[in-house]
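Asks: Quick one, what's the 3D model for this:
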Amino acid sequence: MHLMLIGCEWAGKRTLGVEISRWWSEQTGGEFHPPPGIHFHDHYTLPHVVHAEGHNDHKDLSESQILSLNPGLLEHFQRFQTAYHFSSGFVNGPDHWNIDWYYADAVFGPFYWGFGGPGEYADRRQMARHHDEEVMEMMPDTVLVLVKTSADVIQNRMAEGKSPFPDRHAGTLFKAEDAEFILGRFQEEFDNSLIKNKITIDTTDVTVDESLQEFISKVDPYLTDEDRERMSATAQ
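Replies: Coordinates of the predicted model:
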């Protein structure tokens, strides 16, 4: 399955991602990694540029130093991250799951990180549409999931500070007062995306399990024959 979750910080995309990972491992017999592990590649939002598992020897050091780079180097580094995940090992693998991927740059780059604004070198809105075209050429079965909620809910969740990924939220540049703008930008990118298979999950007034069940129902029409064969083999 090719799957991408996008959305504002604190909207619940990682929390939902954990439950999707748990559900998919049950369906296909795969291994489930509980938090802080996650099946998704979720290393595109500065300063969290290191995969959750397998890099403990340098994770803290890398993420403490990344924001000291100038915007030009950050742009190059993020470009590498995006391009790397278009390589054959990911594209041709059984599951390629990302959180935000190149949409992180499109939304956060100009607002927080100092690069990729409209009309600037490497305009990330334009690049996002270019990468959408690549996705549709290389992974046309990709499902794009916008995880959203209201700005008030974002701010309340931040105030409460309850998350299965507390360290993850601690270091980002996202601020509560930016919630409405960032929510709007992710909505804009979702609406403008060239990816055909799209799902919206609104986490405002529902439980995590209800969001998971909504995802399962909405993703079903987009499952490929290979996906269903993997699920069927496990059921047998």
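
Asks: Which residue would you name as the spatial centre of this structure?
Replies: With distances taken as Cα atoms, centre = their mean, Ile99 lies nearest the centre of the chain, 1.3 Å away.

Asks: Let me see the contact set for that residue.
Replies: Neighbouring residues of Ile99 by Cβ atoms under 8 Å, 6 or more residues apart in numbering: 4-6, 13-14, 17, 38, 40-42, 44. Placement of C-beta: from N, CA and C, glycine included.

Asks: for Arg124, what are its contacts?
Replies: By Cβ under 8 Å, 6+ apart, the contact list for Arg124 reads 102, 105-106, 109-110, 115-117.

Asks: Out of those, which end up buried?
Replies: Burial by neighbour count, 16 or more other Cβ atoms under 10 Å: within the contacts of Arg124 this picks out 102, 105-106, 109-110, 115-116.

Asks: Could you dump those into a markdown table with secondary structure, pLDDT and distance to Gln65 added?
Replies: Formatted as a markdown table, these follow (DSSP: H, G, I helix; E, B strand; the rest coil; pLDDT from 0 to 100; distance: Cβ to Cβ, whole Å):
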| residue | secondary structure | pLDDT | distance to Gln65 |
| --- | --- | --- | --- |
| Tyr102 | helix | 98 | 23 |
| Asp105 | helix | 97 | 19 |
| Ala106 | helix | 98 | 24 |
| Gly109 | helix | 97 | 19 |
| Pro110 | helix | 97 | 22 |
| Phe115 | coil | 97 | 18 |
| Gly116 | coil | 97 | 21 |
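
Asks: Now do the same for the residue lying closest to His169 once chain neighbours are set aside: its pLDDT.
Replies: Leaving aside its sequence neighbours, His169 sits nearest to Ser163 (Cβ to Cβ, 6 or more residues apart in numbering; 5.8 Å). Looking at Ser163, its pLDDT reads 82.
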